[in-house]
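Engineer: output the structure for:
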Amino acid sequence: MPGVRAGASPERIAEQMRMFGQNMRAARKRTSRAQDKLGLDKKMVSYLELGERSPRLVTILSVARALGVAPQALLKGIGADGGPVELPPPRPDLQWPAARFGANVRWLRGREGVSQMDLGGEANIHRVAIGAIERGERSPKLHTILKLAWTLEVPAALLLHGVQNDRGPGGADGAHDDRGPGGADGARNDHGPAGADGAG
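Structural biologist: Numbers count the residues shown, from 1 in each chain. I've put the predicted structure just below:
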């Protein structure tokens, strides 16, 4: 299929999650911050740095803000590499992190000329979840971001282009809108509406 490649293996996603953890640990060490100074439980920070947990977008933004780095820095070196990549267009009208992320996915998918169903099929993400992500109704977890980047053959950081650490209308970090209609973290997952198989 033009524009996308077959989904990444679970082993590749696990490797990329470990790379995210290494980037997070390196940024924390550079700022001399203790694990308990990131606004998360110390045990959770350990899990993230070991690549054993998949944080939601709002958590990635919160950690980046606590470390004083751009969210894209935590995804450095993850995903496709190579020459220059065309950036998604600016969207100052989108203030919510999940909405901006979704617009990036929609733009990249459209640029490649693939449907939501085709992208979802190759990335092993239900097409309903792709639609919710593109509309900014769902805050993706790291493993979803990595699957999408791999399938679209772009650096994972590109999916966060223009996504800011700013507060959204839903409260601190836009937490309300990032969780989407499924409620608190984990109520919905990548495989479709609530109740479908898989873990958010």
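Engineer: name the element the most centrally placed residue in the chain belongs to?
Structural biologist: In the chain, the centroid-proximal residue (C-alpha atoms, centre = their mean) is residue 145; its distance is 3.7 Å. If you go by DSSP states H and E, residue 145 is part of helix 142-152.
Engineer: now do that helix: distance to the chain's middle.
Structural biologist: Counting by C-alpha atoms, centre = their mean, to the nearest Å, helix 142-152 is centred 8 Å from the centre of its parent chain.
Engineer: go on, stretch 71-87?
Structural biologist: Centroid separation for stretch 71-87 versus its chain: 13 Å, with C-alpha atoms, centre = their mean.
Engineer: please tell me how far the closest residue to residue 147 other than its chain neighbours sits from residue 51.
Structural biologist: With C-beta to C-beta, 6 or more residues apart in numbering as the criterion, residue 147 has its nearest non-adjacent residue at 4.5 Å, and that residue is residue 123. C-beta coordinates here come from the backbone N, C-alpha and C atoms, glycine included. Note on residue 123: its distance to residue 51, by C-beta to C-beta, to the nearest Å, is 19 Å.
Engineer: go on, residue 28?
Structural biologist: For residue 28 relative to residue 51 (C-beta to C-beta), the value is 14 Å.
Engineer: show residues contacting the helix holding residue 145.
Structural biologist: 3-8, 12-13, 16-17, 20, 54-57, 60, 75, 78-80, 101, 105, 108-109, 112, 119, 122-125, 129, 133, 140, 155-156, 158-160, 190 (C-beta atoms under 8 Å, 6 or more residues apart in numbering).
Engineer: and the average pLDDT for it is what?
Structural biologist: When pLDDT is averaged along helix 142-152, the result is 95.
Engineer: residue 116 touches residue 110, doesn't it?
Structural biologist: No - judged on C-beta atoms under 8 Å, residue 116 makes no contact with residue 110 at a distance of 10.3 Å.
Engineer: between those two, who's got more neighbours?
Structural biologist: The neighbour comparison of residue 116 against residue 110 (other C-beta atoms under 10 Å) goes to residue 116, with 19 against 12.
Engineer: contacts for the lengthiest helix in the chain next, please.
Structural biologist: As assigned by DSSP state H, the longest helix anywhere in the chain is helix 10-30. Outside helix 10-30, the residues that touch it by C-beta under 8 Å, 6+ apart are 8, 35, 38, 45, 48-52, 54, 63, 67, 69, 73-79, 142-143, 146-147, 150, 156.
Engineer: in ChimeraX, select just the buried ones from those.
Structural biologist: To isolate the buried ones among the contacts of helix 10-30 in ChimeraX, judged by 16 or more other C-beta atoms under 10 Å, type:
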select :8,35,38,45,48,49,51,54,63,67,69,73,74,75,76,78,79,142,143,146,147,150,156
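Engineer: now the residue lying farthest from the centre of the chain: how far from residue 135?
Structural biologist: Distance from the C-alpha centroid of the chain, by C-alpha atoms, centre = their mean, peaks at residue 32 (25.5 Å). As judged by C-beta to C-beta, residue 32 and residue 135 stand 40 Å apart.
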